[in-house]
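A.B. asks: What follows is a protein structure lacking sequence information:
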């Protein structure tokens, strides 16, 4: 997997670059992130195009909120010592905090402070998007160390009629059926959730741009929830008509187990292909839809019902660093990204190469007489079949009804490892695409 | 569960009251039992109505047997000492014994005595309904202690052209679709099998009478097997047309595990709802239909095929006290009945509230803006969702096809705990009944 | 199982008799084998009829190879001492070896010698059917003991335009639907693979000839792969129209676990009946089709797709002696054959007796009044039902849709043990065949 670790390192570097930015569901952080990413994918010839929706726009049951801008934020004590500072860690200021500039008692200060009691040393990630308030976040240890006295709460922020901005990259293929990737870009400085998703998606854009494509590839970069709702509101008809399989990328940078969050029906082509690939890993966790929490929620809602699954390594909410300052650049790694990249490119490869084949002869073909004796041993002794077994298995299951992914599941051989064999069998004329058969008006075998 | 233990105590008291009566498949014991039960349910405004079928009536493959009357029965030795006496325990006389008044040798006596060899201290429950004979039952210990000599076998009983009598209570609901409860009233002094069934049914009559009813409730109290055959013979057309879900109650008074005996198809609405509720218990046993032995046999016979399951705590035949004098008032308890009452009333509640709902908006609704902020936290921090998760899950699965019971199974939340949430979501207008939708002629979402 | 061990001994004796013959996919070994087998089955009134197909005939993707004849083969050293000799063990000469008569160095000799490195003491079974070469097989120990010097390689064999010969026995039944048995006769001196298959088939011919037959029985004895392909090429239409259930017999003589190799769909009537019978064994292994390697490969190929499963004790390829000289007469036994014979005759019995029955009364019938009280105890005491339970179970599941084999699976009673009960219930008029019902134009119950 040398090749993948190369990609893993690239992805890690991109995640590191976008990590410091203070993103939220609106505001300039999103645009700064896209700028860096566009630089990253420039060579692919594609870029992230942005679209904006005004604050106040109604999208289904929701209203696009005001835009949030923050420049400064701190708590200082009477001596002028800064207890916490936004510029030190952007998690110190509650997301969407209203402005404040006020001296207060320790008691009043405490009523505005959020900590994670069970993880004493971390700063929690807290937001208040839809109710205007201000707040500060710090470790429980720091809170406990505060002594009586007067404190200065200061946040220089603005909530104003602006825009919600999202990004989109479309890479056309031979058909208008789409492989869809959604990832969110609304969390401030946390690495796995969520710098990892956009970083992986950027590398997948480079990958998709470089390969022969039957499918069109669509990548969207949206603020979680409100962005997905907004996007669906604008594009539902198109999505229902064109999305063939979709993946919501979240927490894909650590090197623990892999996870699938199934679609609500649990058996869409997206479920099938991701499960097919995850079976090639040592271990993975198969979460039912009930465990959803990212934008697969919206894509699978009643009346939306798109074939979209969630893909993670450690699933959001299931690792202790989640939504705290401990979800930092040490929690993700090139190795972690390398594995996620391998899984996603294998999914793409399996989808691109999926087809229904049909053997062209009755009974098993005589492989030994083909390929200069390299397909099947001319000497028969136990234990000497090797690759011939896979050829025979492909032929045995290619009945004009099973797809390649289904055959891969049935015979326990990864799709990637079947591709060369498929080519050999097509070249020999022993296999043909079942659809070509129909097109040619030939009679069914 | 204070409320349930109150009911458990009431049910236990009723079971204790009917315990001493010598019931059989015909005869006055059944009527005495109904008298006590009618007193018990008097306040409900309903009563058990009796119906009689003459001895000799043909019911499918069976003939209603003669009526049995017994007033006295004993074995005494030459000194006049009574070895056993019907008035001491009615299990001492084999059910349906013919009369006898005869002095005999110990050997002849032994040929008329039944014991349970592997449980030396109990009197077994033995009957001979369809072949005329007489017999006595005692413990193996007692049998072994009998010494040579002459013994007086005496039974004052009668088998005559009388009636088979059964009871029925119908509590009408808004519709003529019925929730059906069947329990048998033909065993003499044994507590779990079978005083427990009629006693629980009596309390369920009081419950059903007290609640708003979409369904009609039918409770029948019959002698096992011949009574069920007779009842079905008279009512099959009505039953096939009206029974929506049915439960055969047997051995529901002990405090061991719960049991379901599935219908023959295994997936009727009765199976579904009882399994749904049993999942809320710590443990239960899921018996396939092959393990049936009570009247679910008749309700599930080919050509009858009603949606009826068996409900027990310790299933008949699976506890050592079964069909012996050890199945006494110590084996059942208020706690045991309390649990059974809870399970059955939850089944009724789930059936009454079962419906197919459909979310009225596309994508997830914004819960935070409703209910004064009490439905969804306005501050987002990990681990703060609680009840909001259930609301979201109900919305996510309410696609106009899944029923409430199916959603409960899918999301692992008991129906009872969903009911308040359903009300909130209906009040908000976020959910509507799928059927109401159709009635109103509105377009599908 | 005294009766089965009698058959087991007969089968073992036949296997021992055909063991020494040098069979291959063509040649006189096959005919010698048939001669012995025909003697064995003479009393049945049936015999193995042979058919021949010329070398060079095209059969689907294959060409029937030249016929092979071998009379002599050895390696001798300069002193004239024979290192190996075909007459000592026919595995010493690679199957289909071309003739050779040449003195050579040890090095050249070694390039023509095949051993099984991980089993130092055995002679491996090696063939080269479709590429002309010569070769010798010996134990690794023997190879290692050879010293430098000149060696004489000698094989007196011929490859000529002859025939491929196979055998077939058809035993007509009431209908032209067939129970099909296929076994191969192309391996030289190895006992389990493959003397065991033809030997068991011979005894099954005697069995099938001796019983009342609804089905026609077809047994074919073919060289593996090329023979199956040839046979299917000649008979595909007939096979598709007539084969109701088929079994490929291979490695049926040892006394280890039983094995089924499923058909590709996994649920044909052949799968169902063999699984039903294997459930009566202490243990068995259920191999999916992906583990196939004998002629079930051909019978299940796309476009062929016959309801044929593989039946083995230790499956080919799964025991260390497989395809070596250690697969000898000590590896198989009368006890092993006895079990295989029992399984196969039970399959035949289940298929012959399989039918769909329907109970003729509504509700349970009153068994007690029938059969002089022997069907159902007239005294009811716990634990006294015994056989009555099976009668009741058959009645409960005989709804005019479930077959006897399906009921056997559902109630966990072997078909054989249900047959007497079915007769009793038919005699009582409580059961009728569902088809007879239709024929008589009677109304459905």
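C.D. replies: Structure received. Note that the coordinates shown come from a computational prediction; the quantities given were computed from them, not determined experimentally.
A.B. asks: show me what contacts the closest residue to chain C within the stretch 101-250 of chain A?
C.D. replies: In the stretch 101-250 of chain A, the residue that lies nearest chain C is residue A:214 (24.8 Å; C-beta to the nearest C-beta). C-beta: built from backbone N, CA, C; applies to glycine. For residue A:214, the contact set (C-beta atoms under 8 Å, 6 or more residues apart in numbering or on different chains) comprises A:173-175, A:352.
A.B. asks: Restricted to buried residues, select these in ChimeraX.
C.D. replies: Here is the ChimeraX command that selects the buried residues among the contacts of residue A:214 (16 or more other C-beta atoms under 10 Å in any protein chain shown):
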select /A:173,352
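A.B. asks: Dump the contacts of residue A:214 to JSON lines, plus pLDDT, distance to residue A:428 and secondary structure.
C.D. replies: Putting these into JSON lines (pLDDT from 0 to 100; distance: C-beta to C-beta, whole Å; DSSP: H, G, I helix; E, B strand; the rest coil) gives the following:
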{"residue": "A:173", "pLDDT": "98", "distance to residue A:428": "28", "secondary structure": "coil"}
{"residue": "A:174", "pLDDT": "98", "distance to residue A:428": "26", "secondary structure": "coil"}
{"residue": "A:175", "pLDDT": "97", "distance to residue A:428": "28", "secondary structure": "coil"}
{"residue": "A:352", "pLDDT": "98", "distance to residue A:428": "22", "secondary structure": "helix"}
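A.B. asks: Ignoring the adjacent residues along the chain, who's closest to the closest residue to chain B within the stretch 201-350 of chain A?
C.D. replies: At 3.8 Å from chain B, residue A:302 is the closest residue in the stretch 201-350 of chain A, using C-beta to the nearest C-beta. Leaving aside its chain neighbours, residue A:302 sits nearest to residue B:399 (3.8 Å; criterion: C-beta to C-beta, 6 or more residues apart in numbering or on different chains).
A.B. asks: try residue A:221
C.D. replies: The shortest distance from residue A:221 to any non-neighbouring residue, by C-beta to C-beta, 6+ apart, is to residue A:167 (3.9 Å).
A.B. asks: quick one: which helix or strand includes residue A:188?
C.D. replies: For residue A:188, there is no host helix or strand (DSSP states H and E).
A.B. asks: just checking, it touches residue A:25?
C.D. replies: No. At 11.0 Å, residue A:188 does not count as touching residue A:25 under the criterion of C-beta atoms under 8 Å.
A.B. asks: So between those two, which is more surrounded?
C.D. replies: More crowded of residue A:188 and residue A:25, by other C-beta atoms under 10 Å in any protein chain shown: residue A:25, with 27 against 24.
A.B. asks: Does the more buried one belong to a helix, a strand or coil?
C.D. replies: coil (DSSP: H, G, I helix; E, B strand; the rest coil).
A.B. asks: now it, nearest residue through space, not along the chain?
C.D. replies: Closest residue to residue A:25 apart from its sequence neighbours, by C-beta to C-beta, 6+ apart: residue A:223 at 3.6 Å.
A.B. asks: Which pLDDT does the model give that neighbour?
C.D. replies: On pLDDT, residue A:223 comes in at 97.
A.B. asks: Contact partners for it?
C.D. replies: A:24-26, A:30, A:164, A:166, A:184-186.
A.B. asks: try it again with 7 Å
C.D. replies: A:25, A:164, A:166, A:184-186 (C-beta atoms under 7 Å, 6 or more residues apart in numbering or on different chains).
A.B. asks: which of those lies closest to residue A:19?
C.D. replies: The closest of those to residue A:19 turns out to be residue A:185 (C-beta to C-beta; 12.3 Å).
A.B. asks: helix/strand/coil for the closest residue to the closest one other than its chain neighbours?
C.D. replies: Distances taken as C-beta to C-beta, 6+ apart put residue A:221 closest to residue A:185, at 4.8 Å, once the chain neighbours are dropped. Recorded secondary structure, residue A:221: strand (three-state DSSP).
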